[in-house]
Structures are given as structure tokens and as C-alpha cells.
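>>> How does the following fold in three dimensions:
(chains A, B, C and D, ligands or ions: 4)
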Number of protein chains: 2
Amino acid sequence: MPNSIRDSLKAGGKKLTRARIAILAVLEQSHFPITAAEIHARLIKARAGADLVTVYRNLAMLQGLGLLSAIGFHEGQMRYEVCHGRAHHHHIQCRGCGKIIDLMLCPLQNLTKRIEEQTQFSVDGHALEFFGWCPQCR
Amino acid sequence: MPNSIRDSLKAGGKKLTRARIAILAVLEQSHFPITAAEIHARLIKARAGADLVTVYRNLAMLQGLGLLSAIGFHEGQMRYEVCHGRAHHHHIQCRGCGKIIDLMLCPLQNLTKRIEEQTQFSVDGHALEFFGWCPQCR
DNA sequence: TGATACATGCAAATAAGTTGCAGTTATGAT
DNA sequence: ATCATAACTGCAACTTATTTGCATGTATCA
Ligand SMILES: [Mn+2]
Ligand SMILES: [Mn+2]
Ligand SMILES: [Zn+2]
Ligand SMILES: [Zn+2]
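Ligands and ions are numbered 1, 2, ... in the order given. Okay, the predicted model is just below:
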């Protein structure tokens, strides 16, 4: 676990528990956003079993610290990905098999000012996901 | 109800029922995406009460015909908006009061080709929502 | 080694959305 | 108009994701 994550936890008065370390390890090893249930399953496989409710509570806490981002693909559940220390990016999901891959781009950075002028909102985030068909499912 | 919607329904072998007409009326009158529960509440107010499950079934059917789009703001429920006959656009939601307003823009149209080259996926849709604070909540 | 605030597990609750089924209705053909 | 039929509806029950209450356990720091 990166020292900067340790520091964020400490700064937030959070403890370095066995379950929390294992959950973060699973998240850091995943190359795409995963669900709470998937995290739970990987914890069990890694003999670091933690209750599903502990997974949910840690996901909420880590989001609160800004270390994780939650992503919705309209699947009926959320997916989570470490954002700390990674470049801002987006994803595309295959409508056939559900495969998700990173898109290391963001076409929205310089749009914010225009939206703020048009709407009088202050913009502080966005969600962007693409959908389509992967080569295997096409 | 526009004739083009009537036609889509007929083409899909769907009937013009009292509940369906009322649900479509609620959707067409809303200026922002609404939830199934909100549609249900408005039906009751309009003395056109239909069961919530009928609302869900009609929402799924209308999406299948391409007349509605479903939008997720990470609120734990979906929102639905008529897309038929309206220009493609996106939304911004206030993190304070939940207010949603239209953004009549889309910065993604010409990005598709680039993503298809990079990923080998064929891209057929995207979800884009902005978040921020409205003037009242700021 | 304590004290204590934070964290966990289990069970129960909540909430969105779905499904089975029996009865109802729109539709278009007679 | 009446009829046959496929589509539709309401109700109850179900599924699944996520949250909450509470008693017990543990990391941290003095
Ligand atoms: Mn990613
Ligand atoms: Mn809109
Ligand atoms: Zn972005
Ligand atoms: Zn768009």
C-alpha cells in the first residue's frame, strides 16, 4: 500500500485494520472497476475473508477520503476503482460480456467553464462512460 | 401524444392503454428525468393511478422501443426521460438539492471514432452527467 | 499495558426493481 | 356489434443491492 494512502487514512483518523488492508489490496490490484460483491469474493479466495458489510463500509469511507471513485454502468450495482495516484480517466463497457476497459482520456476538462457560465452552477465533477461491443462479442 | 409515438407503439405491437397513455403524458410533461416512484406519484395526483409495477414495465418497454432513455445520477435509482423527438443532450445535478437541468450539448460525437480505433470496440452509446452546486445551494 | 475511539460481524431492515399468476382490456377480424 | 386473442394490469411475493443497530473485538497512542 502506497505511503500516501497510509497518510490519508491516518489524517482521517482511520485505523490500518486487517480487513481494510486486504480490501485496499484487492482494489489496487484490479485493472478495472469492481463491485462490492466481487471484492468480497476475492477477499475470501485470498483467505482474508471480511464480511460484505465491512466491504461496503470501507468503500464508503474510502470514497469519503477521496481515495476511491464509484462508477455506475446501469447494471444495478456500483463499481469502485482506486483514483488516488492514478490519472483521471473514463471507461467503456461491452454490452455483450460486460468487459470494461480504461479510456485514458477526458474530453471534458475545458468544458467546465462554459457549463458554469450557461447554468450558474459550479461544476465539481462528472461521470462519463461509453458502451459498445468488444471484438469477441461483436 | 405525438403521432410518431403512437406509430412506434403500434409498430411494436403495443396497445394504447389508459395507464400507458398517462405514463407517457407524465414523462412528456417533465422537463428533467424523473424516477419510477415520481411518475407513480404524479399518476395518483392526476387521478390516473396505475400500479408502480405497471410503471416499471412500461418504462422497460418504452426503453426497448427507443422512446425513453434511462439516466443514473448515483442516487440509488434510475431516472427516465423521453428521448424521442428531443435533441441528444446531457444533464447537471446539484449535489445539494438534487436539482437537474438540461445541458443542450454533447462533446462526444466526434470522439467515437478515436475510441473505436484505440479499443477495437464498436461504440454505440455513452452516459455523461455533470455534478456541482446550484446558485441556491452554493 | 491500558484506555478508548474506531472497526467488525451478524442479523435485521430498507429500498429498488422483478416475476408469477389470475383476471382485464384493447384491437382487429368476423 | 361481437368475438377471439394477445397484450396488459394489479397484487403479492420475490430478488438483490445496500444500510443500520448493536454487541464484541482491535489498532493506536499515551
Ligand atoms: Mn479505470
Ligand atoms: Mn433532459
Ligand atoms: Zn473526465
Ligand atoms: Zn452525448
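>>> Reduced to three states, what does the residue of chain A found nearest ligand 4 come out as?
Nearest to ligand 4 in chain A, going by C-beta to the ion, is A:Leu128, at a distance of 9.3 Å. To be clear about C-beta, it is placed using only N, CA and C from the backbone, and glycine gets the same treatment. State at A:Leu128, reduced to three classes by DSSP: H, G, I helix; E, B strand; the rest coil: strand.
>>> Identify the bridge partners of it.
Listed beta-bridge partners, A:Leu128: B:Leu128 (assigned using DSSP bridges).
>>> That one: what's it in contact with?
If you count contacts by C-beta atoms under 8 Å, 6 or more residues apart in numbering or on different chains, A:Leu128 has them with A:His90, A:Cys106, A:Leu108, B:Leu108, B:His126, B:Ala127, B:Leu128.
>>> how near is it to DNA strand D?
Distance, A:Leu128 to DNA strand D, using C-beta to the nearest atom of the strand, to the nearest Å: 19 Å.
>>> Once you drop chain neighbours, what's closest to the residue of chain A at minimum distance from ligand 3?
For chain A and ligand 3, the shortest gap (C-beta to the ion) falls at A:Cys106, measuring 3.2 Å. Leaving aside its sequence neighbours, A:Cys106 sits nearest to A:His88 (C-beta to C-beta, 6 or more residues apart in numbering or on different chains; 5.6 Å).
>>> can I assume the one you found sits in a helix?
No: counting by three-state DSSP, A:His88 is not found in a helix; it is coil.
>>> Verify the stated contact: A:His89 with A:Ile101.
No: with contact defined as C-beta atoms under 8 Å, A:His89 does not reach A:Ile101; the gap is 10.4 Å.
>>> per-residue confidence for the residue nearest the centre of chain A?
The C-alpha lying nearest the average C-alpha coordinate of chain A belongs to A:Glu81 (C-alpha atoms, centre = their mean; 2.1 Å). Note for A:Glu81: predicted pLDDT of 98.
>>> List the contacts of it.
By C-beta under 8 Å, 6+ apart, the contact set of A:Glu81 is A:Leu27, A:Ser30, A:Phe32, A:Pro33, A:Ile34, A:Leu68, A:Ser69, A:Ile71.
>>> where does it fall, phi/psi-wise?
phi -150, psi 140 (degrees, to the nearest 10).
>>> again with A:Ala70
The phi and psi values for A:Ala70, taken as degrees, to the nearest 10, are phi -100, psi 140.
>>> One more: A:Val55?
Main-chain torsions, A:Val55, degrees, to the nearest 10: phi -60, psi -50.
>>> same deal with A:Arg20?
Per-residue torsions, A:Arg20: phi -60, psi -40 (degrees, to the nearest 10).
>>> surely it meets A:Asn58?
Yes: contact criterion C-beta under 8 Å: A:Arg20 and A:Asn58 qualify, at 5.6 Å.
>>> Looking at the two, which has the bigger crowd around it?
More crowded of A:Arg20 and A:Asn58, by other C-beta atoms under 10 Å in any protein chain shown: A:Asn58, with 23 against 19.
>>> and the residue nearest to that one when sequence neighbours are not counted, what helix or strand is that in?
Nearest residue to A:Asn58 in three dimensions, chain neighbours excluded: A:Ile23, at 5.0 Å (C-beta to C-beta, 6+ apart). Here A:Ile23, judged by DSSP states H and E, is contained in helix A:18-29.
>>> any idea of the mean pLDDT for that helix?
Averaging pLDDT residue by residue across helix A:18-29 gives 98.
>>> Past it, which element shows up next along the chain?
Sequence order places helix A:36-45 as the next helix or strand after helix A:18-29, per DSSP H and E.
>>> elements contacting that next one?
Packing contacts for helix A:36-45, counted by 3 or more C-beta pairs under 8 Å, 6 or more residues apart in numbering or on different chains; DSSP states H and E, involve helix A:18-29, helix A:52-64, strand A:78-82.
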